[in-house]
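In: Sequence and computational prediction follow.
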Amino acid sequence: MQQQPILAAVDLGSNSFRLQVARVEGEQLYMLDGLREPVRLAEGLTEEKFLDAAAQQRAFEALGRFAERLRDLPKMAVRAVGTNSLRVAKNAADFIAQAEHVLGFPIEVISGLEEARLIYLGVAHGMPKLDGNMLVMDIGGGSTEFIVGNGLNPLKMESLYMGCVSYSALYFPDGKLTQRKLEKAERAARSEVQSISSDYRGEWQYALGSSGTAKSIAEILESNGYSQGGITREGLERLREQLLKEGDVSKIELPGLRPDRAATLPGGFAIMYAAFRELEIDTMQPAISALREGVLYDLWGRFHNNDMRDVTVQNFMRRYSVDYKQVERVTIFSNMLARQFLGEEASESALQILGWVANLHGIGIRVAHSGYHKHTAYILANADMPGFSKKEQMRLSLLALAHRGNIKKLQGVLSGEEDSVLAMSLRLAVLFYRNRSDIELPAMKVRFSGTKFHIAIDADWLAQNPLTEDALQAEVKQWKGLGLAVQIEPL
């Protein structure tokens, strides 16, 4: 992949949207420019989990400002990710389509665990090497991530469904701070943290809080003399007393508290207080970096042959004990076919997707040989796959489902000429190597006209391989059902 001197990350968080631009110099990233917009996307989620019009409008306006800064950057140099609110919103697909138009770049919705991985990556790159494990806690607008890691390697990752915006709206809807309301919020948060406490407690030596809530609480504690540095248990107890004394979000005037953070402080505080109690944290320092820096370093890795997606694919291949020789055959042949079918339109990203699917197309055999392509598709759609967005996983799943069997299942699902070509390339590669052994492939020339696949094959070879010829004729009938013609002709 061609290296880029400038990279940018867009974080569509549940509380704030953030843009970070960085300059690449050798093995280092130097942060150049950043923007933050308090969109409060989670606040716009209705009880039915739809993003309301007001929240969407705030988002579009913020993305429009980001687009101005990103205008001259190529697509591959920008990565935009959406988090919890876009994971749960039922109208997320419609919103994302409009948001991509405004921003001018694709938007990926990432899983909670992928968010945790990227957060840790950002935090770890911003820290000196520590002699021990780190606990990283990131309180977002709609979810909170907990990661234990060492150096640049995450060891444990969890994403819990609680955030400063969602908890503030749920437990303090009128802005009133009472003992009863605060205790209710804290109990709810403690219940969530208890689900991971036994795995996390005692597994780390340093605690770090990333993103705005941790930084805001640390600044409040230090500015008011509640803490000499960072977030402490004693400092949280003193802040708790002060919040209850104020009694109303609109009346909170604490040194160190930015006005735009006041509305979400109660929910964020309840989560932080619960984590300190359940995980037995004494002191937590605010981290310099967070998700957006993690996205940048992950993007940087893709330009330096350090793509986490490749690592994930290799791990899956080992986990599911794939037939490496067969995978190699299918990968090489399908790549060659796709390049011919697509010609000059063969993009690096499309061939990359095809390569990953070819590597993983047979993992479902470990579940059952019968209908294994369906098992493969299910695994790829639902497994935790570090580095991959949900959209990428669904594309992998679709192509895996398409690589064999009745193609009618793809009616109305297979989108665009590119995916049709990738599916055909994979089907043909599996078809020719169905005996899972090395064979001498025939001379072939293929092309795709947009509505028809032209496949020219050495006639003598076909005459000597009637089973393959029958399978190719079956493909003609299969694709006709999708409105695409397949023409088999002698070379």
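Out: Good, I have the coordinates. These numbers were taken from a predicted model, which means no experiment stands behind them.

In: Please count neighbours and contacts with C-alpha atoms only from this point.
Out: Will do.

In: in what helix or strand does residue 377 lie?
Out: Element membership for residue 377, per DSSP states H and E: helix 372-382.

In: contact partners of that helix?
Out: 360-365, 367-368, 390, 393-394, 396-404 (CA atoms under 8 Å, 6 or more residues apart in numbering).

In: go on, stretch 479-491?
Out: Applying CA under 8 Å, 6+ apart, the external contacts of stretch 479-491 come out as 407-408, 410-411, 443-445, 451-459, 472-473, 475-476.

In: Among those, name the buried ones.
Out: Buried by 16 or more other CA atoms under 10 Å: 407, 410, 445, 453-457, 472, 475-476, out of those.

In: which one of these sits closest to residue 431?
Out: residue 472 (8.3 Å; CA to CA).

In: Tell me which residues touch the closest one, please.
Out: Going by CA under 8 Å, 6+ apart, residue 472 touches residue 488.

In: Now the host helix or strand of it: buried residues?
Out: Assigned by DSSP H and E, residue 472 belongs to helix 466-480. Neighbour-count burial for helix 466-480, counted by 16+ other CA under 10 Å, picks out 468-469, 472, 475-476, 478-479.

In: all strands of the stretch 201-350 of the chain, in order?
Out: Ranges of strands in the stretch 201-350 of the chain, per DSSP state E, counting those that start in this stretch, are 206-210, 231-232, 283-286.

In: Spatially nearest residue to the residue nearest the centre of the chain (excluding sequence neighbours)?
Out: Taking CA atoms, centre = their mean, the centroid of the chain lies closest to residue 110, which sits 2.6 Å from it. Nearest non-adjacent residue to residue 110, counting by CA to CA, 6 or more residues apart in numbering: residue 389, 4.9 Å away.

In: Am I right that the one you found is in contact with residue 109?
Out: Yes: the pair residue 389 / residue 109 is scored as a contact, 6.1 Å apart, by CA atoms under 8 Å.

In: ok so, going back, residue 122: which of the strands of the stretch 201-350 of the chain is closest?
Out: Closest approach to residue 122 among those is made by strand 206-210 (9.3 Å; CA to CA).

In: Relative to residue 384, how far out is the closest residue to residue 364 other than its chain neighbours?
Out: Computed as CA to CA, 6+ apart, the closest residue to residue 364 that is not its neighbour in sequence is residue 376, at 4.1 Å. From residue 376 across to residue 384, the span is 14 Å (CA to CA, to the nearest Å).

In: who's more crowded, the two?
Out: Using other CA atoms under 10 Å as the criterion, residue 376 and residue 384 rank with residue 376 on top: 25 against 17.

In: Could you measure from the more buried one over to residue 322?
Out: When distance is defined by CA to CA, residue 376 is 12 Å away from residue 322.

In: Between those two, which contacts overlap?
Out: Common contacts of residue 376 and residue 322 (CA under 8 Å, 6+ apart): 360, 362-363.

In: Now do the contacts for residue 80.
Out: By CA under 8 Å, 6+ apart, the residues touching residue 80 are 9-12, 105-108.

In: cutoff 7 Å now
Out: 9-11, 106-108 (CA atoms under 7 Å, 6 or more residues apart in numbering).

In: of the shared contacts of residue 376 and residue 322, closest to residue 136?
Out: Using CA to CA, these come closest to residue 136 at residue 360, 32.2 Å.

In: What is the neighbour count of the closest residue to the closest one other than its chain neighbours?
Out: Take residue 360 and drop its neighbours on the chain: the residue closest to it by CA to CA, 6+ apart is residue 317, 6.5 Å away. Other residues lying near residue 317 total 19 when counted by other CA under 10 Å.

In: For the remainder of this discussion, apply numbering that starts at 49.
Out: Yes, from this point I'll number from 49; that puts the last item at residue 365.

In: what separates residue 365 from residue 406, distance-wise?
Out: With the distance defined as CA to CA, residue 365 ends up 11 Å from residue 406.

In: sorry, back to before: which member of the buried residues of helix 514-528 is positioned nearest residue 401?
Out: When these are compared for distance to residue 401 (CA to CA), residue 527 wins out at 21.5 Å.

In: where in the protein is pLDDT low?
Out: Low-confidence segments of the chain (pLDDT under 70): 49-51.

In: got the domain boundaries for it?
Out: Domain assignment for the chain, taken from automatic domain parsing, gives 54-159+341-350, 175-335, 356-487.

In: Adding distance to residue 166 as columns, could you present these in a markdown table?
Out: Written out in a markdown table, the entries for the domains of the chain read as follows (distance: least, CA to CA, whole Å):
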| stretch | distance to residue 166 |
| --- | --- |
| domain 54-159+341-350 | 5 |
| domain 175-335 | 10 |
| domain 356-487 | 9 |
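
In: Can you give the distance of stretch 115-122 from its chain's centre?
Out: Between the centre of stretch 115-122 and the centre of its host chain there is 22 Å, according to CA atoms, centre = their mean, to the nearest Å.

In: gap between the two ends of that stretch?
Out: End-to-end distance of stretch 115-122 (CA to CA): 12 Å.

In: what's the answer for stretch 411-428, then?
Out: 9 Å.

In: Show me which residues of that stretch are buried.
Out: Neighbour counts using 16+ other CA under 10 Å place 411-413, 420-428 of stretch 411-428 among the buried residues.

In: And stretch 215-229, by the same measure?
Out: For stretch 215-229, the neighbour count (16+ other CA under 10 Å) marks 215-217, 219-220, 223-226 as buried.

In: In helices, which of those residues appear?
Out: 215-217, 219 (DSSP state H).

In: Pick the one among the residues you listed closest to residue 376.
Out: The closest of these, once distances to residue 376 are taken by CA to CA, is residue 215, at 49.9 Å.

In: Verify the stated contact: that closest one with residue 313.
Out: No: shown here, residue 215 and residue 313 do not form a contact pair, counting by CA atoms under 7 Å, at 9.6 Å.

In: other SSEs contacting the helix or strand harbouring residue 465?
Out: Per DSSP H and E, residue 465 falls inside helix 464-480. Counting contacts by 3 or more CA pairs under 7 Å, 6 or more residues apart in numbering; DSSP states H and E, helix 464-480 packs against helix 372-390.

In: residues in contact with the helix it packs on?
Out: 394, 399, 403, 406-407, 469-470, 473-474, 477-478, 484, 494-496.

In: go with 6 Å
Out: Contacting residues not belonging to helix 372-390 are listed as 394, 403, 406-407, 473-474, 477, 484, 494-496 [CA atoms under 6 Å, 6 or more residues apart in numbering].
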